[in-house]
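Visitor: after the sequence you'll find the predicted model.
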Amino acid sequence: MIRQHVVRGMSAPVAVGLLLLLGCSGKSDIIPMNLNPKPSTESNGTSQVVKSMAGPRVTVIPFEDGRADQTKVGSRSSMWGGESYFNVSTGSAGEATAQAFADYLKGKGWQAQYAKSAPPTSENGPDIVLSGKILDLAVEAKKGFLLTDIEAKSKLVIQASNRQDNSSLTRTDAHSGSHDNVLWFEPQDGEQILSEVLEKNFERFVINTKFEDRAIRFR
(Lines give C-alpha, C1' and ligand atoms only; values in the text may rest on other atoms or scores of the structure.)
Protein backbone atom coordinates (compact mmCIF):
# COMPACT_ATOMS: atom_id res chain seq x y z
CA MET A 1 0.00 0.00 0.00
CA ILE A 2 1.22 3.55 -0.64
CA ARG A 3 2.90 5.00 2.41
CA GLN A 4 0.84 7.74 4.04
CA HIS A 5 2.23 9.56 7.06
CA VAL A 6 1.15 12.36 9.36
CA VAL A 7 3.67 15.05 10.24
CA ARG A 8 3.74 15.51 14.01
CA GLY A 9 6.03 17.37 16.35
CA MET A 10 7.79 19.19 13.51
CA SER A 11 8.98 22.72 14.16
CA ALA A 12 8.20 25.49 11.70
CA PRO A 13 11.85 26.01 10.61
CA VAL A 14 12.27 22.29 9.96
CA ALA A 15 9.00 22.13 8.03
CA VAL A 16 10.01 25.11 5.88
CA GLY A 17 13.43 23.59 5.29
CA LEU A 18 11.89 20.32 4.18
CA LEU A 19 9.47 22.17 1.94
CA LEU A 20 12.32 24.00 0.23
CA LEU A 21 14.33 20.81 -0.15
CA LEU A 22 11.47 18.74 -1.53
CA GLY A 23 10.00 21.48 -3.65
CA CYS A 24 13.26 22.29 -5.42
CA SER A 25 14.73 18.84 -5.89
CA GLY A 26 14.43 16.69 -8.96
CA LYS A 27 13.52 19.42 -11.48
CA SER A 28 13.69 18.27 -15.12
CA ASP A 29 14.81 14.78 -14.07
CA ILE A 30 13.87 11.71 -16.08
CA ILE A 31 12.75 8.98 -13.64
CA PRO A 32 12.58 5.36 -14.90
CA MET A 33 9.62 3.22 -13.83
CA ASN A 34 9.05 -0.52 -13.84
CA LEU A 35 5.52 -1.53 -14.86
CA ASN A 36 5.91 -5.21 -14.06
CA PRO A 37 4.06 -6.21 -10.88
CA LYS A 38 6.20 -7.66 -8.11
CA PRO A 39 5.79 -11.42 -7.46
CA SER A 40 3.36 -12.39 -4.71
CA THR A 41 4.95 -13.53 -1.46
CA GLU A 42 3.81 -15.82 1.32
CA SER A 43 3.52 -14.65 4.94
CA ASN A 44 7.03 -16.01 5.62
CA GLY A 45 8.48 -13.80 2.90
CA THR A 46 9.11 -16.48 0.28
CA SER A 47 7.86 -16.11 -3.29
CA GLN A 48 4.49 -17.68 -4.00
CA VAL A 49 4.69 -20.47 -6.58
CA VAL A 50 1.74 -20.67 -8.98
CA LYS A 51 1.12 -23.95 -10.81
CA SER A 52 0.17 -23.67 -14.46
CA MET A 53 -3.35 -24.88 -15.15
CA ALA A 54 -4.37 -27.03 -18.08
CA GLY A 55 -5.26 -24.87 -21.03
CA PRO A 56 -4.06 -23.38 -24.29
CA ARG A 57 -0.59 -21.93 -24.72
CA VAL A 58 -0.65 -18.14 -24.80
CA THR A 59 1.93 -15.68 -26.09
CA VAL A 60 1.72 -11.94 -25.36
CA ILE A 61 3.48 -9.64 -27.82
CA PRO A 62 4.25 -5.89 -27.47
CA PHE A 63 1.31 -3.51 -27.50
CA GLU A 64 1.08 -0.73 -30.03
CA ASP A 65 1.54 2.64 -28.34
CA GLY A 66 -1.24 4.86 -29.62
CA ARG A 67 -0.56 7.80 -27.31
CA ALA A 68 0.32 11.19 -28.78
CA ASP A 69 3.40 11.43 -26.52
CA GLN A 70 5.21 8.10 -26.28
CA THR A 71 8.30 9.52 -24.56
CA LYS A 72 6.93 9.41 -21.01
CA VAL A 73 4.33 7.82 -18.73
CA GLY A 74 3.57 10.82 -16.56
CA SER A 75 5.21 13.52 -14.51
CA ARG A 76 5.88 14.86 -11.03
CA SER A 77 5.30 18.56 -10.46
CA SER A 78 6.33 20.66 -7.48
CA MET A 79 4.48 23.58 -5.97
CA TRP A 80 7.37 25.78 -7.17
CA GLY A 81 6.75 24.97 -10.81
CA GLY A 82 9.50 22.38 -11.33
CA GLU A 83 8.63 19.19 -13.18
CA SER A 84 10.20 15.75 -13.58
CA TYR A 85 9.13 13.10 -16.04
CA PHE A 86 8.57 9.36 -15.72
CA ASN A 87 9.55 6.98 -18.48
CA VAL A 88 9.56 3.20 -18.76
CA SER A 89 12.80 1.57 -17.61
CA THR A 90 12.80 -0.72 -20.68
CA GLY A 91 12.36 2.26 -22.99
CA SER A 92 9.10 0.99 -24.53
CA ALA A 93 5.68 1.28 -22.88
CA GLY A 94 4.29 -1.26 -25.36
CA GLU A 95 6.87 -3.89 -24.42
CA ALA A 96 6.56 -3.19 -20.69
CA THR A 97 2.76 -3.44 -20.81
CA ALA A 98 2.89 -6.77 -22.65
CA GLN A 99 5.48 -8.13 -20.22
CA ALA A 100 3.35 -7.05 -17.27
CA PHE A 101 0.30 -8.71 -18.89
CA ALA A 102 2.20 -11.98 -19.41
CA ASP A 103 3.42 -11.93 -15.80
CA TYR A 104 -0.11 -11.26 -14.57
CA LEU A 105 -1.50 -14.19 -16.56
CA LYS A 106 1.23 -16.51 -15.32
CA GLY A 107 0.30 -15.45 -11.80
CA LYS A 108 -3.24 -16.65 -12.56
CA GLY A 109 -1.97 -20.04 -13.69
CA TRP A 110 -2.13 -19.42 -17.45
CA GLN A 111 0.45 -21.04 -19.71
CA ALA A 112 1.54 -17.60 -20.85
CA GLN A 113 4.81 -16.09 -21.98
CA TYR A 114 6.08 -12.85 -23.46
CA ALA A 115 7.67 -12.64 -26.90
CA LYS A 116 8.88 -9.64 -28.91
CA SER A 117 6.96 -10.85 -31.96
CA ALA A 118 4.31 -13.41 -32.78
CA PRO A 119 5.89 -16.87 -33.22
CA PRO A 120 5.23 -18.65 -36.52
CA THR A 121 2.33 -21.05 -36.61
CA SER A 122 3.59 -24.52 -35.75
CA GLU A 123 2.68 -27.61 -33.77
CA ASN A 124 4.73 -26.35 -30.82
CA GLY A 125 3.66 -22.73 -31.16
CA PRO A 126 1.09 -20.85 -29.08
CA ASP A 127 -2.62 -21.50 -29.44
CA ILE A 128 -3.49 -17.87 -28.68
CA VAL A 129 -1.60 -14.64 -29.38
CA LEU A 130 -2.52 -11.62 -27.26
CA SER A 131 -1.71 -8.12 -28.46
CA GLY A 132 -3.23 -4.70 -28.03
CA LYS A 133 -2.97 -0.95 -28.12
CA ILE A 134 -2.24 1.61 -25.41
CA LEU A 135 -4.72 4.48 -25.60
CA ASP A 136 -3.77 6.04 -22.26
CA LEU A 137 -1.11 5.26 -19.66
CA ALA A 138 0.09 7.86 -17.18
CA VAL A 139 0.78 8.64 -13.54
CA GLU A 140 0.81 12.22 -12.24
CA ALA A 141 2.32 13.20 -8.89
CA LYS A 142 1.43 16.72 -7.73
CA LYS A 143 3.27 18.07 -4.74
CA GLY A 144 1.56 20.39 -2.28
CA PHE A 145 2.73 21.54 1.15
CA LEU A 146 4.93 18.57 2.26
CA LEU A 147 2.46 16.08 0.78
CA THR A 148 1.98 14.60 -2.70
CA ASP A 149 -1.21 13.50 -4.46
CA ILE A 150 -0.80 10.70 -7.01
CA GLU A 151 -3.22 9.86 -9.81
CA ALA A 152 -2.87 7.12 -12.43
CA LYS A 153 -4.94 6.08 -15.42
CA SER A 154 -4.81 3.49 -18.16
CA LYS A 155 -6.89 2.62 -21.18
CA LEU A 156 -6.03 -0.50 -23.16
CA VAL A 157 -7.37 -2.35 -26.16
CA ILE A 158 -6.61 -6.08 -25.79
CA GLN A 159 -6.95 -8.40 -28.76
CA ALA A 160 -6.79 -12.19 -28.75
CA SER A 161 -6.13 -14.16 -31.92
CA ASN A 162 -7.06 -17.86 -31.91
CA ARG A 163 -4.88 -19.90 -34.21
CA GLN A 164 -7.16 -22.92 -34.06
CA ASP A 165 -9.87 -21.30 -36.20
CA ASN A 166 -8.39 -17.86 -37.05
CA SER A 167 -11.05 -16.13 -34.94
CA SER A 168 -10.36 -13.14 -32.71
CA LEU A 169 -11.90 -11.01 -30.00
CA THR A 170 -11.23 -7.47 -28.80
CA ARG A 171 -11.96 -5.74 -25.52
CA THR A 172 -11.33 -2.14 -24.38
CA ASP A 173 -11.15 -1.11 -20.72
CA ALA A 174 -10.16 2.04 -18.86
CA HIS A 175 -9.29 2.38 -15.19
CA SER A 176 -7.94 5.04 -12.85
CA GLY A 177 -6.81 5.29 -9.24
CA SER A 178 -5.34 7.74 -6.76
CA HIS A 179 -3.46 8.02 -3.48
CA ASP A 180 -3.56 11.33 -1.63
CA ASN A 181 -1.41 12.95 1.05
CA VAL A 182 1.72 10.86 0.46
CA LEU A 183 4.79 12.04 2.35
CA TRP A 184 8.28 11.21 1.03
CA PHE A 185 7.11 10.38 -2.47
CA GLU A 186 9.37 7.87 -4.24
CA PRO A 187 9.19 6.49 -7.80
CA GLN A 188 8.06 3.15 -6.34
CA ASP A 189 4.84 4.89 -5.24
CA GLY A 190 4.11 5.85 -8.84
CA GLU A 191 5.04 2.37 -10.06
CA GLN A 192 2.67 0.77 -7.59
CA ILE A 193 -0.43 2.75 -8.47
CA LEU A 194 0.26 2.55 -12.21
CA SER A 195 0.67 -1.24 -11.89
CA GLU A 196 -2.62 -1.33 -9.96
CA VAL A 197 -4.63 0.36 -12.70
CA LEU A 198 -2.93 -1.76 -15.38
CA GLU A 199 -3.84 -4.91 -13.48
CA LYS A 200 -7.46 -3.77 -13.41
CA ASN A 201 -7.43 -3.84 -17.22
CA PHE A 202 -5.88 -7.32 -17.21
CA GLU A 203 -8.34 -8.50 -14.57
CA ARG A 204 -11.38 -7.38 -16.55
CA PHE A 205 -10.12 -9.22 -19.61
CA VAL A 206 -9.62 -12.45 -17.66
CA ILE A 207 -12.98 -12.20 -15.86
CA ASN A 208 -14.87 -11.70 -19.12
CA THR A 209 -13.24 -14.47 -21.14
CA LYS A 210 -13.04 -18.27 -20.97
CA PHE A 211 -11.23 -21.11 -22.69
CA GLU A 212 -12.99 -23.42 -25.13
CA ASP A 213 -10.69 -26.22 -26.21
CA ARG A 214 -7.57 -24.42 -27.50
CA ALA A 215 -9.27 -21.04 -28.04
CA ILE A 216 -10.42 -18.10 -25.96
CA ARG A 217 -13.98 -16.73 -26.09
CA PHE A 218 -16.08 -14.09 -24.36
CA ARG A 219 -18.21 -15.36 -21.50
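Guide: Arrived safely.
Visitor: low-confidence ranges in the chain?
Guide: 1-28, 37-49, 79-81, 183-184 (pLDDT under 70).
Visitor: do that again at 90, thanks
Guide: 1-55, 71, 75-91, 120-124, 141-150, 178-193 (pLDDT under 90).
Visitor: what about the helices in it?
Guide: Residue ranges of the helices in the chain, as given by DSSP state H, are 12-24, 93-107, 187-207.
Visitor: can you lay out those as CSV showing mean neighbour count?
Guide: Glycine gets a C-beta too; all of them are placed from N, C-alpha and C. As requested, the helices of the chain are exported to CSV (neighbours: other CB atoms under 10 Å):
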stretch, mean neighbour count
helix 12-24, 13
helix 93-107, 22
helix 187-207, 20
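Visitor: ok, which of these comes nearest residue 116?
Guide: Of all those, helix 93-107 sits nearest to residue 116, with 7.3 Å by CB to CB.
Visitor: which helices and strands sit right next to the closest one?
Guide: Counting contacts by 3 or more CB pairs under 8 Å, 6 or more residues apart in numbering; DSSP states H and E, helix 93-107 is packed against strand 57-60, strand 64-65, strand 111-114, strand 128-143, helix 187-207.
Visitor: now those in TSV, with distance to residue 161?
Guide: What follows is the helices and strands packed on helix 93-107, written out as TSV (distance: least, CB to CB, whole Å):
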stretch	distance to residue 161
strand 57-60	10
strand 64-65	14
strand 111-114	14
strand 128-143	5
helix 187-207	14
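Visitor: nearest to residue 217, out of the ones you listed?
Guide: Comparing those against residue 217 with CB to CB, the closest turns out to be strand 128-143 (10.6 Å).
Visitor: how about the helices of the chain in a markdown table, adding distance to residue 53?
Guide: Output for the helices of the chain, formatted as a markdown table (distance: least, CB to CB, whole Å):
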| stretch | distance to residue 53 |
| --- | --- |
| helix 12-24 | 47 |
| helix 93-107 | 11 |
| helix 187-207 | 12 |
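Visitor: closest to residue 119 out of those?
Guide: Closest approach to residue 119 among those (CB to CB): helix 93-107, 13.4 Å.
Visitor: off-centre distance for the closest one?
Guide: In terms of CA atoms, centre = their mean, to the nearest Å, the centre of helix 93-107 is found 8 Å from the chain centre.
Visitor: got it, and stretch 179-190?
Guide: From the chain centre to the centre of stretch 179-190 is a distance of 16 Å (CA atoms, centre = their mean).
Visitor: what's the answer for stretch 137-155, then?
Guide: So, by CA atoms, centre = their mean, the centroid of stretch 137-155 is 14 Å from its chain's centroid.
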